[in-house]
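Participant: Predicted structure and sequence below. I'll ask about it afterward.
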Number of protein chains: 2
Amino acid sequence: MTHRTFSFDAQPDGLDPAITAPFPGSRRVYVQGSRPDVRVPMREITQADTVGDTGREANPPLTVYDTSGPYTDPDTPVDLRKGLPAIREAWILERDDTVLLDGPSSGFGQERLADPATAALRFEHIRPPRRARAGANVTQMHYARRGIITPEMEYIAIRENQQRQAITDERLLQRHAGEGFGAQIPDEITPEFVRQEVACGRAIIPSNINHPELEPMAIGRNFLVKINCNLGNSAVTSSIEEEVEKMVRGIRWGGDTVMDLSTGKHIHETREWILRNSPVPIGTVPIYQALEKVDGKAEELTWELFRDTLIEQAEQGVDYFTIHAGVRLPYVPMTANRLTGIVSRGGSIMAKWCLAHHRESFLYTHFEDICEIMKAYDVAFSLGDGLRPGCIADANDEAQFAELETLGELTRVAWQHDVQVMIEGPGHVPMQKIKENMDKELSICNEAPFYTLGPLTTDIAPGYDHITSAIGAAQIGWYGTAMLCYVTPKEHLGLPNKEDVREGIVAYRIAAHAADLAKGHPAAQVRDNALSKARFEFRWEDQFNLGLDPERAREYHDETLPKEGHKVAHFCSMCGPHFCSMKITQDVRAYAREHGLDTREALDRGMEEKAAEFRDAAHRLYQPR
Amino acid sequence: MTHRTFSFDAQPDGLDPAITAPFPGSRRVYVQGSRPDVRVPMREITQADTVGDTGREANPPLTVYDTSGPYTDPDTPVDLRKGLPAIREAWILERDDTVLLDGPSSGFGQERLADPATAALRFEHIRPPRRARAGANVTQMHYARRGIITPEMEYIAIRENQQRQAITDERLLQRHAGEGFGAQIPDEITPEFVRQEVACGRAIIPSNINHPELEPMAIGRNFLVKINCNLGNSAVTSSIEEEVEKMVRGIRWGGDTVMDLSTGKHIHETREWILRNSPVPIGTVPIYQALEKVDGKAEELTWELFRDTLIEQAEQGVDYFTIHAGVRLPYVPMTANRLTGIVSRGGSIMAKWCLAHHRESFLYTHFEDICEIMKAYDVAFSLGDGLRPGCIADANDEAQFAELETLGELTRVAWQHDVQVMIEGPGHVPMQKIKENMDKELSICNEAPFYTLGPLTTDIAPGYDHITSAIGAAQIGWYGTAMLCYVTPKEHLGLPNKEDVREGIVAYRIAAHAADLAKGHPAAQVRDNALSKARFEFRWEDQFNLGLDPERAREYHDETLPKEGHKVAHFCSMCGPHFCSMKITQDVRAYAREHGLDTREALDRGMEEKAAEFRDAAHRLYQPR
């Protein structure tokens, strides 16, 4: 057996240092929970002191949510060939409800493990898979419903709080009342709150027992809005190294989960590499791989083949499966007169199967069998919207909502098995029709988390669909969507490159954060306040570092003012050095302080006689031309 | 007198051909009105035939709004040294209410004209300015209120309709009901409707009598949502050529109006070059130039100096002035405890003046004097929001809304003079507080058009503020804002380069169009439908050409599939050649057609016995692997 040489072999962590170096001013820190092995990662952003006329004032570091995993922690070197540490292993073992299998129980899994042709590509340290003991149910929902607070739940509570209880500065804590449309976000997230949300199905914790490397996170509308980014090779392109690097890049920029949508060669092996090195939940669309196994002939798909694929992937550790079980035979005709028909790949595969056999979808008829598999590994459902609209004209139509009704029915079936569920949503929707999607989802699917693609609010901007869709994503996130699936500028045109991925993720981090702000999430506005304070005080470095993309902010600033001295300058290239709008307020404050007055009082009364004095003082404060 | 050599001298039109070439598949056409000199420009986008199993079907060209001026018309060569044709001159003369002056009547205008040092920079063919006859009022509002339909109003009616009455294809005409929040957009815009909207102040037509080169357009919430882009040199940078090129580039990408925010050298001369070559309304902030005249010392500003500046610019042809007359002395203290104080440059200048003199703003006390100037040239007010919030924390505060109350008061004063008014709006506003801004503006300012900067929905993404703000702009546009002021990715960081301008404008065209769709504008969805139909039919070229940025769409597509053959391929690089989601619906339709069935009926009934047949047929339709 000859081993292929991976680029991973050449470098300690096999990754471009540009994607593992911590952001400037940032370091990864850990907050310990009730036990030593609950160590919750966060990113701490250091700030410079405020330097005023009256001296210095320290600005404490700001702690933000961190999705980047150990990659950005110089103290935890990563060896991609060995995978990440199995931080959840002890928790899974303690629950004592699983068994370790001798090897993969899926036919395909066994075949691939024995295939000498793929040996050289294979991740070296494949663990034997774990499965629920006979009769056991290992889902987080099952524990939650029995009143058990798992370490995963505690981890998430700490993580969602972002250490905001440590902040005391009122200027940072000030915030607007939100409009949550029914969301109920407590001031402090407790482990018990997490448990309740999971128990009632309003949140999920995607966390396959075969993915112990996972840093647990929650998807639910009473938590921070999350974003998903996609990767995947296709028939044409890309190596295993590239896919692993895409994953690491995606979480660096802020992807909360990653979907592996591979359709090309070596899907199984690629997925193993990704899972072993991913600290975030990995989702897949198993029907894609199933289709590859029948050489792309949708009508040759069978329940048995699909079932084997589910087990294959569940035993590798996939945390959620997109399953288009709502694409029922009678709904397919509803799409016939659409402007763009069916645009979901999974939906189209199943529609084709249903028509070719004139039979009800096997995903629907075998749904309870699927639940049995899901609960044996704790794979969450992401119930696919196979009939989502592919253009503005088709939005909110009969086909789309008929499928949604079925997704509601299936949600209740899954919940009878204590299987976690989220619901996928559109697509292309004009703004005035977005809220109807959210409202229907909440009522039809009993508040199961909504996970939407965009929606794109117009069709007329190919090349800019990260923007057409960020507009819709921010709105639907505000209305209650729990996770937003990103869209890159290449949508409808081609496969995204690494810059497109960055653009797409940042656009979606913006949408998610704008939604958190609008909902009145207690932690959200702190970061806006800190950044704006830095902006007002001309702390340029802090302004860059507190932003979503410090590297780009710095690069843009430096295009016109590259010198280091400009990073403390009390002006920028927009107005130039002679007049800065924000400085007037600073001058006023300085004047009031000098005269021992409260700023507002100083201005409200008694200013008249001091006008001349202020005029001279203010004059001095401006730089000479 | 030695003449400086402009780069304009070298090339016939002095412009980079990349910004004057028509978009691929597009040509500029003219629709004639009731008289030969009302020739309304539009862009006609040619489409390829639909090629199906049953033959070809023609797709008629689509006509869209065109802001690009004669630059994209190969039949109308532009000589920048001579300026654009004065298409409105006859209309202005016919009204017989103006006089031609001997020369500039402002002191500064006279001085510059006589200054040998600027002679070499000067536009060669400066016309003597025109002014209302003594006692006359030459505003479009004045005519409208007297029941006069001007050629400008007719021009706008034709322009806003975009020839949609010529479309007969039901698939293109289908549209969703809108939610207009009180907007009343008729199915067909008539000249009389334009008149009514202008008469009641709900729309403005910025159209200085000294800017006869203007292609008239309307800003109002019952018309298409417009966007503004900015240009301007600063203390550091940029020549006259660059500013003219920025203007041409801005209108190419879709800027409906352009603001010249220059603060650097030769502001007067630069403005002349821009106006003589601009087919879109030009706005300015006269206080910027006034400040330059007192060497940046705000406290040295006087009414007399400001007045002279207004006349100087009005006689050059500026179509609207941003005037921060709502920044009143008692409001300044309200900003003292803000997180970022005053961030509007004009607001800050006036606040400083008020404080230094402890006197009410001369813009407020001389407001009626300003109205006298505005109505003598038909310059519209853009009442500036000098106290707009500069961060999320400061949104919708006391200072902002106190100023808005004053803007409402001033609107009513201006309307007593039949002077046109729009109102500038924020700034930085979280989503849940956007609608309050719109609602207050409508009620306080009696439905005068709102013109907003963004708003930015979060502060945490420097480098991506075109996106943080497009999210807010789409929403406020939907709620009723008439014009959106663009924001580029460089906002808060530096001056935009040409790529930033393109990004900013396209982001705002998206926001404006998403708003039009959501309001249910009768013309809006046609373009989405046409593009989506092209997408579904794999007419790649048409998909690119119907989009907002055909060049980028093509470039992105070609990154993975560069061959010409790929432009008619029934697949893209996303799924590869073996399975396309959208193709299933096409297969189903083809099958129904073959069997003489209505598509939906074919699927609804009688499919069972044909399942095998369809299976084979469908199979054939997919390309062999």
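Facilitator: Received the coordinates, thanks.
Participant: contacts, neighbours, all on C-alpha from now
Facilitator: Noted.
Participant: ok, the helix ranked longest in chain A near chain B or not?
Facilitator: Longest helix in chain A, counting residues (DSSP state H): helix A:498-519. Yes: Helix A:498-519 reaches chain B (Cα under 8 Å from any Cα of the partner chain) through A:A507, A:I510, A:A511, A:H513, A:A514, A:A515, A:L517, A:A518, A:K519.
Participant: Now flag whichever of these is closest to chain B.
Facilitator: A:A518 (4.9 Å; Cα to the nearest Cα).
Participant: What is the burial count for the closest one?
Facilitator: When neighbours are defined as other Cα atoms under 10 Å in any protein chain shown, A:A518 has 29 of them.
Participant: Then A:F321?
Facilitator: Around A:F321 there are 26 residues (other Cα under 10 Å).
Participant: Spell out the secondary structure type for A:T585.
Facilitator: helix (DSSP: H, G, I helix; E, B strand; the rest coil).
Participant: Is the residue in the stretch 51-200 of chain A that chain B sits nearest to in a helix, a strand, or coil?
Facilitator: Residue of the stretch 51-200 of chain A nearest chain B, by Cα to the nearest Cα: A:E179 (6.1 Å). Here A:E179 is coil, with the state taken from three-state DSSP.
Participant: Assess the claim that it and B:Q432 are in contact.
Facilitator: Yes: the pair A:E179 / B:Q432 is scored as a contact, 6.1 Å apart, by Cα atoms under 8 Å.
Participant: which neighbours do these two share?
Facilitator: Counting by Cα atoms under 8 Å, 6 or more residues apart in numbering or on different chains, the residues touching both A:E179 and B:Q432 are A:A518, A:K519.
Participant: Helices of the stretch 501-625 of chain A, start to end?
Facilitator: A:524-536, A:540-545, A:550-560, A:581-594, A:599-604, A:611-621 (DSSP state H, counting those that start in this stretch).
Participant: Would you single out the least confident of those?
Facilitator: Of all the helices of the stretch 501-625 of chain A, helix A:611-621 carries the lowest average pLDDT, namely a mean of 45.
Participant: need the contact list for A:R112.
Facilitator: Contacts of A:R112 (Cα under 8 Å, 6+ apart): A:T118, A:H268.
Participant: Flag every buried residue along the helix or strand where it lies.
Facilitator: A:R112 belongs to helix A:107-114 when assigned by DSSP states H and E. Within helix A:107-114, the residues scored as buried using 16 or more other Cα atoms under 10 Å in any protein chain shown are A:F108, A:G109, A:R112, A:L113.
Participant: again, but for stretch A:37-55
Facilitator: For stretch A:37-55, burial by neighbour count (16+ other Cα under 10 Å) applies to A:38-50.
Participant: Is A:Q313 part of a helix or strand, or is it coil?
Facilitator: Criterion first, three-state DSSP; result for A:Q313: helix.
Participant: Distance check, it against A:A132.
Facilitator: Distance, A:Q313 to A:A132, using Cα to Cα, to the nearest Å: 15 Å.
Participant: Compare those two (neighbour count), which wins?
Facilitator: A:Q313 (26 against 20).
Participant: Name the spans of chain A whose pLDDT lies under the cut-off.
Facilitator: For chain A, residues meeting the criterion pLDDT under 70 lie at A:1-14, A:234-238, A:568-580, A:588, A:590-625.
Participant: per-domain residue ranges of it.
Facilitator: Domain segmentation of chain A under the TED database yields A:204-524, A:526-537+A:555-617.
Participant: where exactly do the helices run in the stretch 301-450 of chain A?
Facilitator: A:303-316, A:345-357, A:362-365, A:367-377, A:398-416, A:434-444.
Participant: got the residue ranges for the strands in the stretch 101-250 of chain A?
Facilitator: Using DSSP state E, counting those that start in this stretch, the strands of the stretch 101-250 of chain A run over A:130-132, A:203-204, A:219-220, A:226-231.
Participant: Distance to B:T488 added to those, as a markdown table?
Facilitator: Output for the strands of the stretch 101-250 of chain A, formatted as a markdown table (distance: least, Cα to Cα, whole Å):
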| stretch | distance to B:T488 |
| --- | --- |
| strand A:130-132 | 51 |
| strand A:203-204 | 37 |
| strand A:219-220 | 32 |
| strand A:226-231 | 24 |
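Participant: Quick check: which of those strands is nearest to chain B?
Facilitator: Judging the strands of the stretch 101-250 of chain A by Cα to the nearest Cα, what sits closest to chain B is strand A:226-231, at 11.3 Å.
Participant: Near chain B, which residues of the stretch 301-450 of chain A are found?
Facilitator: Counting by Cα under 8 Å from any Cα, the stretch 301-450 of chain A sits next to chain B at A:330, A:332-337, A:339-349, A:351-352, A:355-358, A:391-393, A:430-433.
Participant: Select only the buried ones of those in PyMOL?
Facilitator: Buried subset of these, written as a PyMOL selection, criterion 16+ other Cα under 10 Å:
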select buried, chain A and resi 330+332+333+334+335+336+339+340+341+342+343+344+345+346+347+348+349+351+352+355+356+357+358+391+392+393+430+431+432+433
